[in-house]
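Enquirer: compute the structure for the input listed below.
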Amino acid sequence: MSRIGKKLIVMPAGVSAELKDGVLTVKGPKGSLSQEIDKVIKTNINGQEMSFEIAKETPDSNAKHGLYRALAHNMVVGVSEGFKKTLLISGVGYKANVAGNKLVLNLGFSHPVEVEIPSDIQVTCTSATEIVVSGIDKQKVGQFASNVKALRPVEPYHGYGVRYSDQVVIRKVGKTAGKGKK
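Expert: Take a look at the predicted model:
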């Protein structure tokens, strides 16, 4: 059995879960999320507690046991609290702003880069160099933040680029050749 799969999920007040035809639906104050659950995993919902068991042994049933428990936990956290990723932009003239449903980034290219914001994600720019991506679906928030980060990866010499707020950038030392050495 999976160690993660054995853990019990306790849903906070205001969050409810329902299993119907193999689809788990979690509803809360921030919205509703659905996830299809494989038949090899049995879902037990008792009041405000949810647990998962292996219904049928297969070669990958242990992995699915932990997977579906983790997905369900992320759904419960998402509809009750939500998820947030913060991106920082550093570089001369690098900046970001939100215009309508697009994120407009100036990242040192000859043109501004426009990124379409999905309807179920909120993007705010607290300053010209800080972007906050938030939403109820952990996968969508992380994927959007990763796509924005990939537009200008951080370079190791000056630290210019887009990075997560908690990301550590290991800086390299520049060239020292030609300074008095003969």
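
Enquirer: restricting to C-alpha, output the worst-scoring helix or strand of the chain on mean pLDDT in CSV.
Expert: The helix or strand of the chain with the lowest confidence, counting by mean pLDDT, DSSP states H and E, is helix 3-6 at a mean of 89. Below are the C-alpha coordinates for helix 3-6, written out as CSV (Å, rounded to 0.1, in the frame of the first residue of the first chain):
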residue,chain,number,x,y,z
ARG,A,3,2.0,5.6,2.4
ILE,A,4,0.4,8.7,1.0
GLY,A,5,-2.7,6.7,0.0
LYS,A,6,-3.3,5.5,3.5
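
Enquirer: so what touches that helix?
Expert: Phe52, Ile54, Asn62, His65, Gly66, Tyr68, Arg69, Ala70 (CB atoms under 8 Å, 6 or more residues apart in numbering). Backbone N, C-alpha and C define where each C-beta goes, glycine included.

Enquirer: repeat that for 6 Å
Expert: Phe52, His65, Gly66, Arg69, Ala70 (CB atoms under 6 Å, 6 or more residues apart in numbering).

Enquirer: looks to me like the third one is in a helix.
Expert: Meaning Gly66. Yes. The assignment for Gly66, made by DSSP: H, G, I helix; E, B strand; the rest coil, places it in a helix.

Enquirer: mind listing what it touches?
Expert: Neighbouring residues of Gly66 by CB under 6 Å, 6+ apart: Ser2, Ile4, Gly5.
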